[in-house]
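Visitor: Quick one, what's the 3D model for this:
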Amino acid sequence: MSPNRASDPTSRVQAFSVRWCSKRPCTTSFTCIRGRLSIRYGPRHAAVIARGSMVEQLQRLVVRYGECVQKPVRFRPGTWRPRMASHGAAHVLDIGVESASGPAGDRLIERGDLARLRDHAGDDPDGLRDLFVAVMIWGSGTSNGRGPRYTEAALSDPRMPTVLRTTREAVRGGDLSGAYRQFVLKGVGRSFFTKWFAVVDDREAACDRALILDDRVFRSLNALGWSSWKAAGTRHWPTRYATYVSSMHGWASSLGVTPDWLEWLLFHLNGRVDET
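Guide: Model prediction:
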């Protein structure tokens, strides 16, 4: 995803109450107030303590960057239009809002735009195609010049309708490793198809929703000493991805932040976890 996912300081005081899925009853409560984190452990404290080292490292980052939020991503419709028009997807370039600064014609797209397009798409194959294009635009921004070319390659792949439909169904059914195994499209690797997973996952917030695992997030995890294959006990990528998602949800709950914000923070840091 583009480094345009920048930070913007805001002033806020936060209090969090953690809710788990019904299969994982809520046993722990947390409060985070402007840099101070207190944790009251319930019966699940052993699992939290087992994650202590990682949680402690992440806690320092949450305290340091807790007032930062994700900004919209800038993109240039003119760069995308020639490659999207022949696939009937040029209208997707109207998503978001026109940028008030920068080069003329630039637009801004954010996660909320993707959620609205997802809700509008429903089960329609063309709607899912449009949503996929929007995800690729959001993930590419202006810094990934290969985004339009890779998106065109995916649109030209005859497997696209089936892949988008089946992986969406798997994600919404909670089978993240299955979705990972099934996603095979020209030009689209893990960094982008996990963005697709994160966007199409419209389950209740209390569940372990899909998260993005791109190279920048991975770089931060590695810098913190966390290994996906060691955590998963296998080098099998679908299992490693599912383990990453469940681990992130556990850490986020322990820290009183949302999993997607924690994911964005790791993206934003891009491995620079020791910088002050």
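
Visitor: before we move on, what SS does Phe192 have?
Guide: The three-state label given to Phe192 by DSSP: H, G, I helix; E, B strand; the rest coil is helix.

Visitor: Not counting sequence-adjacent ones, nearest residue to it?
Guide: Closest residue to Phe192 in three dimensions, ignoring its sequence neighbours and counting by CB to CB, 6 or more residues apart in numbering: Gly139, at 5.4 Å. C-betas here are computed from N, CA, C, even on glycine.

Visitor: Same question for stretch 218-226: list its buried residues.
Guide: Neighbour-count burial for stretch 218-226, with 16 or more other CB atoms under 10 Å as criterion, is recorded at 218-221, 223-224, 226.

Visitor: is it fair to say the residue nearest to Phe192 lies in a helix?
Guide: Yes - counting by three-state DSSP, one finds Gly139 located in a helix.

Visitor: Give the burial count for it, as a bare number.
Guide: By other CB atoms under 10 Å, the residues close to Gly139 number 27.

Visitor: My guess is it contacts Arg190. True?
Guide: No - the pair Gly139 and Arg190 does not pass the contact test of CB atoms under 8 Å, sitting 11.6 Å apart.

Visitor: Identify the contacts common to the two.
Guide: Here Gly139 and Arg190 have Asp214 as joint contacts, going by CB atoms under 8 Å, 6 or more residues apart in numbering.

Visitor: So for the residue nearest to Phe192, what's the pLDDT?
Guide: pLDDT for Gly139: 96.

Visitor: And Thr142, by the same measure?
Guide: At Thr142 the predicted local confidence, pLDDT, stands at 83.

Visitor: surely it meets Pro77?
Guide: No - look at Thr142 against Pro77 with CB under 8 Å: they stay out of range, at 11.2 Å.

Visitor: And Ser220, how far from Thr258?
Guide: According to CB to CB, to the nearest Å, Ser220 stands 17 Å off from Thr258.

Visitor: correction: Ser227
Guide: Going from Ser227 to Thr258 by CB to CB gives 24 Å.

Visitor: who's more crowded, these two?
Guide: Taking Ser227 and Thr258 together and counting by other CB under 10 Å, Thr258 has the greater number of neighbours (15 against 10).

Visitor: from the buried residues of stretch 218-226, which is closest to Asp274?
Guide: Using CB to CB, Ala223 is the member of the buried residues of stretch 218-226 that sits closest to Asp274, with 7.5 Å.

Visitor: In contact with the closest one, which residues?
Guide: For Ala223, the contacting residues are 269, 271-274, by CB under 8 Å, 6+ apart.

Visitor: now do Gly127
Guide: Shown in contact with Gly127 (CB under 8 Å, 6+ apart): 120-121.

Visitor: same question, the one 4 residues further on
Guide: When the contact criterion is CB under 8 Å, 6+ apart, the partners of Leu131 are 114, 117-118, 121, 199-200.

Visitor: Is it possible to get TSV of those residues that adds distance to Gln57, secondary structure and pLDDT?
Guide: Conversion of the contacts of Leu131 to TSV gives the following (distance: CB to CB, whole Å; DSSP: H, G, I helix; E, B strand; the rest coil; pLDDT from 0 to 100):
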residue	distance to Gln57	secondary structure	pLDDT
Leu114	30	helix	98
Leu117	36	helix	97
Arg118	33	helix	97
Ala121	38	helix	94
Val199	28	helix	98
Val200	31	helix	98
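
Visitor: tell me which of the residues you listed is nearest to Tyr150?
Guide: Sorting the contacts of Leu131 by distance to Tyr150 puts Val199 at the head of the list, at 16.7 Å, by CB to CB.

Visitor: List the residues that contact that closest one.
Guide: Under the criterion of CB under 8 Å, 6+ apart, the neighbours of Val199 are 111, 114-115, 118, 131, 135.

Visitor: Going through these, which ones are buried?
Guide: 111, 114, 118, 131, 135.

Visitor: Tell me the one of these nearest Glu204?
Guide: The shortest separation between Glu204 and any of the buried ones among the contacts of Val199 is 15.2 Å, and it belongs to Arg118 (by CB to CB).

Visitor: what residues are up against that closest one?
Guide: 131, 199-200, 202 are the contacts of Arg118 under CB under 8 Å, 6+ apart.

Visitor: can you put those in a markdown table and add distance to Met248?
Guide: Listed next are these as a markdown table, based on distance: CB to CB, whole Å:
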| residue | distance to Met248 |
| --- | --- |
| Leu131 | 23 |
| Val199 | 16 |
| Val200 | 18 |
| Asp202 | 18 |
